[in-house]
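Undergrad: here is a sequence together with a model predicted from it:
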Amino acid sequence: MEKVCKFAKLDLFMVKPYLKKYMLLLFAVSIPVIITTKNIYMMSFIAMFYGVIMVSYPFALSEKNNIENFYGTLSLKKRNIVNGRYIFTLGTMIFFTILSYIIMIVGNVILKQGLEYSELLFVLVTGFFMSLILVSLQLPAYFKLGYTKGKIFTYVPFFVIAIGVPLLGSLMGESTEKFKAIAAYIENNPVMVSIFLILCGLLIFEISNIVSQRLYINRTA
């Protein structure tokens, strides 16, 4: 476990020079978006996007600087590398989720919309869940193919979301009553639904970790 944590810290060390820039960029983008659209909830999904991009940086930097050869000198097993990077990924997504919550609270105060913090928290959990799904799909591709080849496949989830959201909107129009019932259930049970989403997201994330370990261990180049 010690080696896993050290590897996660190594990933953090690699992206640290870029983290401040991303935080400033996140604030610079989010505040105008919230003010112009008056949609505080957008913040959760903006943060999700930035978090997912940040997760790819260790792969890009490792490939660019040929750091993987350095891992061998540290006596790191491939399993340690995968587990360490997944810990780094989870920490990154949690960090950007907390950051987006702070910005959403600030936006709520500025716009004086009077939204309940429990509502903001549920939207945040939804964004966190979606980010876990995205990185769970992307990481195995990076571990199997490397950053350059793998990034082509990592765009697929974004295309799925781009197509799926309008499709979901169309389905909602056709099945209004069913979606009203679902919305009512979520509204009446936000805590339970939030816990369910987090647990499902973490389960999918762990399955992705297992898949990545097998792919990376069997990777020949």
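TA: Perfect, I can see it now.

Undergrad: what residues sit buried inside the helix or strand encompassing residue 93?
TA: Using DSSP states H and E, residue 93 falls within helix 78-111. Residues 78-90, 92-93, 95-97, 99-101, 103-104, 106-108 are the ones in helix 78-111 that count as buried (16 or more other CB atoms under 10 Å). C-beta: built from backbone N, CA, C; applies to glycine.

Undergrad: could you do stretch 8-25 as well?
TA: Neighbour-count burial for stretch 8-25 flags 8, 10, 11, 12, 14, 15, 22 (criterion: 16+ other CB under 10 Å).

Undergrad: so what pLDDT did the fifth one get?
TA: If you check residue 14, the pLDDT there is 85.

Undergrad: mind checking which helix or strand it is in?
TA: Counting by DSSP H and E, the element that carries residue 14 is helix 2-37.

Undergrad: residue 85 contacts residue 7, correct?
TA: Yes - at 7.1 Å, residue 85 and residue 7 qualify as touching, with contact defined as CB atoms under 8 Å.

Undergrad: what does stretch 83-91 contact?
TA: Residues from elsewhere that reach stretch 83-91, judged by CB atoms under 8 Å, 6 or more residues apart in numbering: 3-8, 10-12, 55, 58, 135, 139, 205, 208-209, 212-213.

Undergrad: also stretch 204-214?
TA: Here stretch 204-214 makes contact (CB under 8 Å, 6+ apart) with 78-79, 82-83, 86, 90, 132-133, 135-137, 139-140, 143-144.

Undergrad: averaged pLDDT, that stretch. What do you get?
TA: 95.

Undergrad: and stretch 191-201, by the same measure?
TA: Mean pLDDT, stretch 191-201: 89.

Undergrad: filter the contacts of stretch 83-91 down to the buried ones and express that as a ChimeraX selection.
TA: To isolate the buried ones among the contacts of stretch 83-91 in ChimeraX, judged by 16+ other CB under 10 Å, type:
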select :3,4,7,8,10,11,12,55,58,135,139,205,208,209,212,213
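
Undergrad: residue nearest the middle of this structure, spatially speaking?
TA: Residue closest to the average C-alpha location in the chain (CA atoms, centre = their mean): residue 131, at 3.0 Å.

Undergrad: ok, back up a step: can you name every helix or strand that the helix holding residue 14 contacts?
TA: With contacts taken as 3 or more CB pairs under 8 Å, 6 or more residues apart in numbering; DSSP states H and E, helix 2-37 sits against helix 42-64, helix 78-111.

Undergrad: how about the contacts made by residue 59?
TA: 142, 146, 147, 150.

Undergrad: where in this protein is pLDDT low?
TA: 71-74, 113-115, 117, 157-158, 160-180, 182-183, 220-221 (pLDDT under 70).

Undergrad: quick revisit: which pair in the contacts of stretch 204-214 spans the largest distance?
TA: Of all pairs drawn from these, the greatest distance, 24.4 Å, lies between 78 and 133 (CB to CB).

Undergrad: and for the residue nearest to the centre of the chain, nearest residue in space, chain neighbours not counted?
TA: Leaving out its chain neighbours, the residue that sits closest to residue 131 by CB to CB, 6 or more residues apart in numbering is residue 48, at 4.2 Å.

Undergrad: would you mark the buried spots in the longest helix anywhere in the chain?
TA: Of all the segments of type helix in the chain, defined by DSSP state H, the longest one is helix 117-154. The neighbour-count check on helix 117-154 (16+ other CB under 10 Å) flags 119-120, 122-147, 150-151, 154 as buried.

Undergrad: before I go, just wanted to say thanks for your time.
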